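J.: No letters, just coordinates:
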């Protein structure tokens, strides 16, 4: 046996060999690490994700908000300080007017007087328009009456022309008879059957009848002229009254147009009056809800602020805090409703075992 396992002291080559000093310690450490890794497989390990966020509130009215100015004005007086608790309706700051248009202290009264004057003008023009309406109605009625009168005159003239024409025809026929009788009397006078006196009588009657015929012809011409004048008057009477009616209607339309323009001006002035009245209520900026004054964005007195420019920031009292955390889209499948979340605010970092939460 001593030849199979010789001692190192007996041989020089064996004495030159050296054993590793740290091999045994390395073997123990390596074995311990393997055992620890194996035991970690049975630990309650959970996968975790990280995200950044901020503290906020669930409802918009519970979040910090800026109180703006509705109008342009100059700061006259501050009623609050930073950090102060305010209630709904408390005055935060008072403004003064800076626009030249609204500097008149009696502006509302003057605008009201202008509106009343315009309304009086509307009433007067409405009365004028009603007068034109009545005038148009009267003209229409007068036109009908005058037309009917002229039509009757035209008919009478026409009947008179017919009557005079008939009389003229009768007189012409009578004149022809007188001529024939005179010719017979002259023939009989030559034969000695008629006396000169009878013949002169027939001739005198013929001349008298001829004179009446000429007079009747003149009368008929005059009657025809009257009939023509009546016809012209009948045709022109409609145009004459229609022209008057059109003029009255034009005046009526012009008056009504002016009334409508006055009503539009009154509507615009009333709108401006109401806006000016409401503007006077914006000189005092009020708190919309209970809260704390966080910061005044405008400083000092006499500063001019513009419309919709913030004046102070307030934090509502009645608020329910919430944490708004941004998570990467790739980590969304790991999120479930009801899971616990660990919040870490600004401070000193600590050692956290990400997969072993109870530690």
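T.: Looks like it arrived, so ask away. From a predicted model like this one, the values you see are computed outputs, not experimental measurements.
J.: lowest average confidence, helix or strand, in the protein?
T.: helix 12-16 (a mean of 60; mean pLDDT, DSSP states H and E).
J.: Can you name the next helix or strand after it?
T.: Using DSSP states H and E, the helix or strand that follows helix 12-16 in sequence is helix 23-40.
J.: Which stretches in the stretch 151-300 of the chain count as strands?
T.: Secondary structure of the stretch 151-300 of the chain by DSSP state E, counting those that start in this stretch: the strands cover 284-286, 291-296.
J.: Reformat the ones you listed as JSON lines; add distance to residue 159.
T.: C-betas here are computed from N, CA, C, even on glycine. Supplementary listing: the strands of the stretch 151-300 of the chain in JSON lines, determined by distance: least, Cβ to Cβ, whole Å:
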{"stretch": "strand 284-286", "distance to residue 159": "92"}
{"stretch": "strand 291-296", "distance to residue 159": "102"}
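J.: okay if I get those strands as TSV plus mean neighbour count, distance to residue 46 and mean pLDDT?
T.: Supplementary listing: the strands of the stretch 151-300 of the chain in TSV, determined by neighbours: other Cβ atoms under 10 Å; distance: least, Cβ to Cβ, whole Å; pLDDT from 0 to 100:
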stretch	mean neighbour count	distance to residue 46	mean pLDDT
strand 284-286	17	52	88
strand 291-296	17	40	87
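J.: Pull the distance from stretch 254-268 to the chain's centre.
T.: With Cα atoms, centre = their mean, to the nearest Å as the basis, stretch 254-268 stands 18 Å off its chain's centre.
J.: what comes up buried for it?
T.: For stretch 254-268, the neighbour count (16 or more other Cβ atoms under 10 Å) marks 255, 256, 259, 262, 266 as buried.
J.: and of the strands of the stretch 151-300 of the chain, who's closest to residue 329?
T.: strand 291-296 (34.1 Å; Cβ to Cβ).
J.: strands paired with the closest one, and their directions?
T.: The strands beside strand 291-296 in its sheet (DSSP bridges) come out as strand 85-86 (antiparallel), strand 310-316 (antiparallel).
J.: To which secondary structure element type does residue 44 belong?
T.: Here residue 44 is recorded as coil under DSSP: H, G, I helix; E, B strand; the rest coil.
J.: for this protein, what spans make up the helices?
T.: All helices of the chain, identified by DSSP state H, fall at 12-16, 23-40, 107-191, 196-279.
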